[in-house]
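In: Quick one: sequence plus predicted model below, questions after.
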Amino acid sequence: MAVLEKQRVLVCNEAAAELGIKAGMGTTTARALAESILLLERDPGAEQRRLQQLCCWGYSISPTLYPYRDDCLLLEIGSCLRLYGNIEVLLARVESGLSRREVHYRAGLGPTPKSAFLFTTPLEANASDSSSEALDHPSVSESGERAPQQTLQTASSESGGESLEARLAPLPLSLLEDFPCQMDALAKAGLRTFGDILALPRRALARRCGREFVLHLEQILGTVEDRQPGFEPPRTFGDDYWFGYEVKTNQELLPAVELLLKSFCHFLRNTQLETRQVEWLLYGINRKIHRFALHSSQPQTHWQAWYQLTRLKIEQLELDHSIEGVGLASEQLVLGNACSGSLFQQAGQKEPMHSLLDRLRSRLGPQSVSKIACRDEHLPEFAGYCSPDTWPGTATGKNDELRPFWLMQEPQPLQVFNGQPCWQGRLKLLDGPERIEDNWWEQPVSRDYYVARGSHGQLYWVYRDRLQNQWYMQGVFN
């Protein structure tokens, strides 16, 4: 496999390199050396999306970071050492996070941003390697070679008593790719490593290479501050996981789902954001994308809650094609409201009502569960309604306790005997009247409501229509 840019090989994997494929080679030559080679066109947009995802991940390590040279991520970790205890623990977390995300990278550690970038290049790299394999240099990038796990630790231990100038001395000047003309002039003068130019007076170097080159060198050494705009986390989230093989069963998707949700909820806590909706994307081997969204009644920042809803949904899916990747997206992130849990919550306490409702919706569908809500209406038949989206309102008024829970779908007319309403016998009026007059602008309504007891002790809510002089049954008390 090889990646092309302008019909030239930009980078290739080990299998292609063993057949003689190398960077800068034309498409025709590459196919002649390897007939079955897979050639992919470079996608800068996908690279930037990937780098944005890595920035969101890196924000959980350090609040100070920024992308560099479109293919590198620089993390400032000096201010985080007290939080992690020591540098070994911090670097182990970086290594573990990148390994779980299946990112191929080279890493470096230095006292300044630009020096850390330079230390991502192995010492044995020569000028031709550095110019043709530019993608292999970033601190965190999608290159064709995975750095060994001990890269960062080795860099930190070896630099214990060694100065920055001594560490930079053996590096080739060809790493300064932003100054090609200056590199040619210095090479003609026999200056090929950082050690050669660090020994020169700064004024003489500025006359030969320009003030901008010297400023860049001073930023590498840390004698001039290197100010860069820090990364600001977005109000949206997007991440994906690629298996590298075909997934044919629903259960095989769950480990990737868990990994993405942990990353997502970690991002929410670090940015103090929350959301009620997430969207899942299943990338099929036939390039079809299956999407489904999940909703929560309350904002969630715990991955276990989203995992339960996602698992219920995945168990119901009937996939007609194999899956090669899973994506997670959320575009409805809002600032979180700080809230504290119960101090005396018992272990084994029943789950909150909103969690139960969310699981029922995920299993039965969003329209299968409705909630009783209230409108600001005087007439009882218009005041209550069912809605799948609105939380139940709270009725107001001094006589709320006299409202029955269950209302008739339509008020039922009552018979009257000797001036007393009857429903399976005479009704005894216990409380009332409560007069309700409304809708005068369209069809006037005037009613006197009473609480009545039936012959068997059941309580009813009845009213007399003052305009029609007719009694009706409106509801039944529990």
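Out: Structure received. Quick caveat: nothing in here was measured; it's all calculated off a predicted structure. Numbers count the residues shown, from 1 in each chain.
In: Identify the residues contacting stretch 63-70?
Out: Residues from elsewhere that reach stretch 63-70, judged by Cβ atoms under 8 Å, 6 or more residues apart in numbering: 44, 47-48, 51, 55, 58-59, 73-76, 79, 113, 117, 138-139, 228-231. Just so you know, the C-beta spots here come from the backbone N, C-alpha and C atoms, and that holds for glycine as well.
In: Just the buried residues of the residues you listed.
Out: 51, 55, 58-59, 73-76, 113, 117, 138-139, 231 (16 or more other Cβ atoms under 10 Å).
In: So which of the residues you listed are in helices?
Out: Here DSSP state H is the test, and the buried ones among the contacts of stretch 63-70 give 51, 55, 58, 113, 117 as lying in helices.
In: Need the three-state assignment for the residue lying closest to the first one once chain neighbours are set aside.
Out: Distance criterion Cβ to Cβ, 6 or more residues apart in numbering; nearest residue to residue 51, sequence neighbours excluded, is residue 67 at 5.4 Å. Counting by DSSP: H, G, I helix; E, B strand; the rest coil, the backbone at residue 67 sits in strand.
In: and residue 67, how far is that from residue 323?
Out: 30 Å (Cβ to Cβ, to the nearest Å).
In: more neighbours, these two?
Out: A direct count of neighbours by other Cβ atoms under 10 Å for residue 67 and residue 323 places residue 323 higher, at 22 against 19.
In: Which strand residues bridge that one?
Out: residue 247, residue 284 (DSSP bridges).
In: how about it, what does it touch?
Out: Taking Cβ under 8 Å, 6+ apart as the test, what residue 323 contacts is 243, 246, 247, 248, 253, 282, 283, 284, 285.
In: what does residue 433 give?
Out: Residue 433 touches 448, 449, 450, 464, counting by Cβ under 8 Å, 6+ apart.
In: Okay, and it sits in which element?
Out: Residue 433 belongs to strand 428-438 when assigned by DSSP states H and E.
In: Number of residues surrounding residue 380?
Out: 19.
In: okay, the closest residue to residue 101 other than its chain neighbours: pLDDT?
Out: The shortest distance from residue 101 to any non-neighbouring residue, by Cβ to Cβ, 6+ apart, is to residue 57 (6.8 Å). Residue 57 carries a pLDDT value of 87.
In: what sits against residue 57?
Out: Counting by Cβ under 8 Å, 6+ apart, residue 57 touches 97, 101, 263, 267.
In: Buried residues, the helix or strand the first one falls within. List them.
Out: If you go by DSSP H and E, residue 97 is part of helix 87-100. Neighbour-count burial for helix 87-100, with 16+ other Cβ under 10 Å as criterion, is recorded at 87, 90, 91, 94, 95, 97, 98.
In: now do stretch 447-456
Out: For stretch 447-456, using 16+ other Cβ under 10 Å, the buried residues are 447, 448, 449, 450, 451, 452, 454.
In: can you tell me how far the nearest residue to the second one once chain neighbours are set aside sits from residue 461?
Out: Read it as residue 448. Nearest residue to residue 448, sequence neighbours excluded (Cβ to Cβ, 6+ apart): residue 433, at 3.6 Å. Distance, residue 433 to residue 461, by Cβ to Cβ: 12 Å.
In: Give me the common contacts of those two.
Out: Joint contacts of residue 433 and residue 461 (Cβ under 8 Å, 6+ apart) are 449, 450.
In: And the closest residue to residue 246 other than its chain neighbours, what's its pLDDT?
Out: Spatially, and ignoring its direct neighbours in sequence, residue 246 is nearest to residue 322 (3.9 Å; Cβ to Cβ, 6+ apart). pLDDT, residue 322: 89.
In: Tell me how many other residues surround residue 322.
Out: Neighbour tally, residue 322, other Cβ under 10 Å: 14.
In: Is it correct that it is in contact with residue 245?
Out: No - if you go by Cβ atoms under 8 Å, residue 322 and residue 245 don't touch, sitting 9.0 Å apart.
In: Tell me which of the contacts of stretch 63-70 fall in strands.
Out: 73, 74, 75 (DSSP state E).
In: measure residue 381 to residue 474 for me?
Out: For residue 381 relative to residue 474 (Cβ to Cβ), the value is 8 Å.
In: Can you pull the residues that touch both of these two?
Out: 407, 411.
In: For these two, indicate the residue with more neighbours.
Out: A count of neighbours by other Cβ under 10 Å puts residue 474 above the other of residue 381 and residue 474, at 20 against 14.
In: Kindly state the pLDDT recorded for the nearest residue to residue 324 once chain neighbours are set aside?
Out: Of all residues not flanking residue 324 in the chain, residue 285 sits nearest, at 5.1 Å (Cβ to Cβ, 6+ apart). Note on residue 285: pLDDT of 85.
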